[in-house]
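> got a predicted model here, sequence first, then my questions.
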Amino acid sequence: MKIIMNSSPFIMIVMMWGTSSVLPLTEGGSCWANYDTLSGQCVALIHRRVSYEDCCRISGFSFIERDMSTEDIFRSLIMHGGVSDCLPCSSFGKDVCEGITCNRDEVCVARNGQPLCNCDPDCSDVDLDQPVCGSDRQTYTNECTFKMNRCQERRDVELAYYGQCQDSCDTVTCAHGTCLVDQMGVPHCVNCSPECKDKEVQGSVCGTDKNTYESICHLRLTSCNIGKAIIKNHNGRCVGSTNCSSFLCMEGNICSMGTKPHCSTCPQAGCGRYALRALCGSDDVTYANLCAMKRAICDTRVYVKRQHFGPCARDMSHIPPQDREAYFRYYLSFFHHEQVSEPATTALIRRLTTNTEESLTRTGDNDDTTNDENNQGVEEENQGEEEDVIGVETEEEPEEEEVAEEMVQEESPNL
């Protein structure tokens, strides 16, 4: 190594000849022998393409993260008296992460002598072939993917249960806790602890029932006691409001109004990819599946909850007259678990499945025209505008058998 002094006594240029044998070349930065504390500049090059750790081990005084070409180094020394962005080696060997608290699924790492929180969830015991369902109703490839997504996107989402996301507790197996459904009929696995320990009380939270709980543990305890899932809406106390203008929902949710504000999760994609599983909403509208009902809530900002699975008994106005008999047969087969074999019925189900979002989620998009070729002699029913029953909160679910009987008595004469 040869050191050449130029006309300025403060600038020293170190010419590196044969120094590749001193340290292995890496994709790192450059190591410097002097550090000007006043200007914060490096002023004497020792080695190029070296890591911060290797630089400080060979008694370097400072380090530059980027690798500079010989021309850049020469230009900076001559024109500026040194190179900026230096990291002194005075802190090398110390635990820079000491006292640093990172978020969940993050770990502190030293990056060029500075602490940095990186997403690095613990996946040591994760079954990579086991999909999981998040509280956002999204299915993830495995728990590790779920944790990494949650960390990178800074989302306040919890692991609901293992397996694909389901529409009811019937097909959910909870590894820990009990499966309970929330006010939307969505299943959740809730850890039912007998009591909340002091270490579990970490600040109040607001539940989706708009009640404030002392901690997330107390929220879960209430869920278990009433037999119905309550999900954390946001940290802190609930904001007392009666409309959506000042009501807070966590990121990714929208506020919809019923008798009170509700926070609803909006589907991220179309609902046609979900299987047809008709359900009746509290607005007496039949929806093709739970996704379609949620989509309608997000579009209208009017809250609807599920009355029961299966079509609404009295809601046939949005079904074209030529399809009502097939729809009625489907309705009966749903409750009586009969095999649907009639061609007209199976064709209707196939068409409703294909057009999930258009066929069953709207009452305002009724087709008031009749196909002359296929519907001659069929009297058009319900020609007047139908008044929508919006935001109705149903306290009790009607028995499925009673609904079926009403359907038979009231709709059969009109078929």
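Okay, I see it. Residues are numbered from 1 along each chain as shown.
> can you list the domains in the chain?
Per the record, the chain has its domains at 29-88, 121-187, 192-238, 265-352, by the TED database.
> just put the ones you listed in a markdown table and tack on mean neighbour count, mean pLDDT and distance to I254.
Backbone N, C-alpha and C define where each C-beta goes, glycine included. Output for the domains of the chain, formatted as a markdown table (neighbours: other Cβ atoms under 10 Å; pLDDT from 0 to 100; distance: least, Cβ to Cβ, whole Å):
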| stretch | mean neighbour count | mean pLDDT | distance to I254 |
| --- | --- | --- | --- |
| domain 29-88 | 18 | 77 | 43 |
| domain 121-187 | 17 | 85 | 13 |
| domain 192-238 | 16 | 78 | 12 |
| domain 265-352 | 18 | 70 | 6 |
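> need the ones you listed in CSV (columns: distance to N103).
Output for the domains of the chain, formatted as CSV (distance: least, Cβ to Cβ, whole Å):
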stretch, distance to N103
domain 29-88, 25
domain 121-187, 7
domain 192-238, 13
domain 265-352, 23
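> between the ones you listed, which one is nearest to E106?
For E106, the closest of these is domain 121-187, at 6.2 Å, according to Cβ to Cβ.
> what does stretch 109-127 rub up against?
Residues outside stretch 109-127 that contact it (Cβ atoms under 8 Å, 6 or more residues apart in numbering): 29, 52, 63, 65, 87-89, 91-92, 96-97, 100, 102-103, 105-108, 142-144, 147-148, 151-152.
> what about these, which are in strands?
Members of those lying in strands (criterion: DSSP state E): 29, 63, 87-88, 106-108.
> which stretches of the stretch 151-300 of the chain form strands?
Taking DSSP state E, counting those that start in this stretch as the test, the strands found in the stretch 151-300 of the chain are 159-162, 178-181, 187-190, 205-207, 212-213, 232-235, 253-257, 261-265, 279-281, 286-287.
> and these as JSON lines, adding distance to I226?
JSON lines is the format used below for the strands of the stretch 151-300 of the chain (distance: least, Cβ to Cβ, whole Å):
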{"stretch": "strand 159-162", "distance to I226": "19"}
{"stretch": "strand 178-181", "distance to I226": "9"}
{"stretch": "strand 187-190", "distance to I226": "11"}
{"stretch": "strand 205-207", "distance to I226": "11"}
{"stretch": "strand 212-213", "distance to I226": "13"}
{"stretch": "strand 232-235", "distance to I226": "16"}
{"stretch": "strand 253-257", "distance to I226": "22"}
{"stretch": "strand 261-265", "distance to I226": "18"}
{"stretch": "strand 279-281", "distance to I226": "23"}
{"stretch": "strand 286-287", "distance to I226": "26"}
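> what's the pLDDT at M15?
Per-residue confidence (pLDDT) for M15: 40.
> let me know which of the strands of the stretch 151-300 of the chain is the nearest to G310.
strand 279-281 (6.4 Å).
> V186 - nearest residue in space that isn't next to it in sequence?
R137 (6.6 Å; Cβ to Cβ, 6 or more residues apart in numbering).
> and A278, by the same measure?
P311 (4.9 Å).
> repeat that for T222.
Sequence neighbours aside, I230 is the residue nearest to T222 in space, at 6.2 Å (criterion: Cβ to Cβ, 6+ apart).
> residues contacting that neighbour?
182, 207-209, 211, 219-220, 222-223.
> mind redoing it with 6 Å?
Shown in contact with I230 (Cβ atoms under 6 Å, 6 or more residues apart in numbering): 207-209, 219, 223.
> any idea how far it is from H218?
Using Cβ to Cβ, to the nearest Å, I230 is found at 10 Å from H218.
> and if you look at M293?
From M293 to H218 the distance is 30 Å (Cβ to Cβ).
> before we move on, what about N211?
N211 is 10 Å from H218, where distance means Cβ to Cβ.
> can you give me the helices for the stretch 151-300 of the chain?
Taking DSSP state H, counting those that start in this stretch as the test, the helices found in the stretch 151-300 of the chain are 216-226, 290-300.
> okay, the last one in CSV with CA atoms only?
I take that to be helix 290-300. Output of helix 290-300 as CSV, limited to C-alpha atoms (Å, rounded to 0.1, in the frame of the first residue of the first chain):
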residue,chain,number,x,y,z
LEU,A,290,-72.1,-14.4,1.8
CYS,A,291,-69.7,-12.6,-0.5
ALA,A,292,-72.5,-11.2,-2.6
MET,A,293,-74.3,-9.8,0.5
LYS,A,294,-71.1,-8.2,1.7
ARG,A,295,-70.6,-6.7,-1.8
ALA,A,296,-74.1,-5.2,-1.6
ILE,A,297,-73.3,-3.7,1.8
CYS,A,298,-70.2,-2.1,0.5
ASP,A,299,-71.9,-0.7,-2.5
THR,A,300,-74.9,0.7,-0.7
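> give me the sheet partners of the next helix or strand after it and which way each runs.
The first helix or strand that comes after helix 290-300 along the chain, using DSSP states H and E, is strand 306-309. Next to strand 306-309 in the sheet, as set by DSSP bridges, lie strand 279-281 (antiparallel).
> what is the longest strand anywhere in the chain packed up against?
Across the chain, the longest stretch assigned as strand under DSSP E is strand 41-50. Strand 41-50 sits against strand 12-15, strand 29-36, with contacts defined as 3 or more Cβ pairs under 6 Å, 6 or more residues apart in numbering; DSSP states H and E.
> give me the angle between it and strand 29-36.
Counting by axes from the mean of the first three to the mean of the last three Cα atoms, to 10 degrees, strand 41-50 lies at 160 degrees to strand 29-36.
> sorry, back to before: nearest to C189, of the ones in strands among the contacts of stretch 109-127?
Lowest distance from C189 to those (Cβ to Cβ) belongs to E106, with 24.8 Å.
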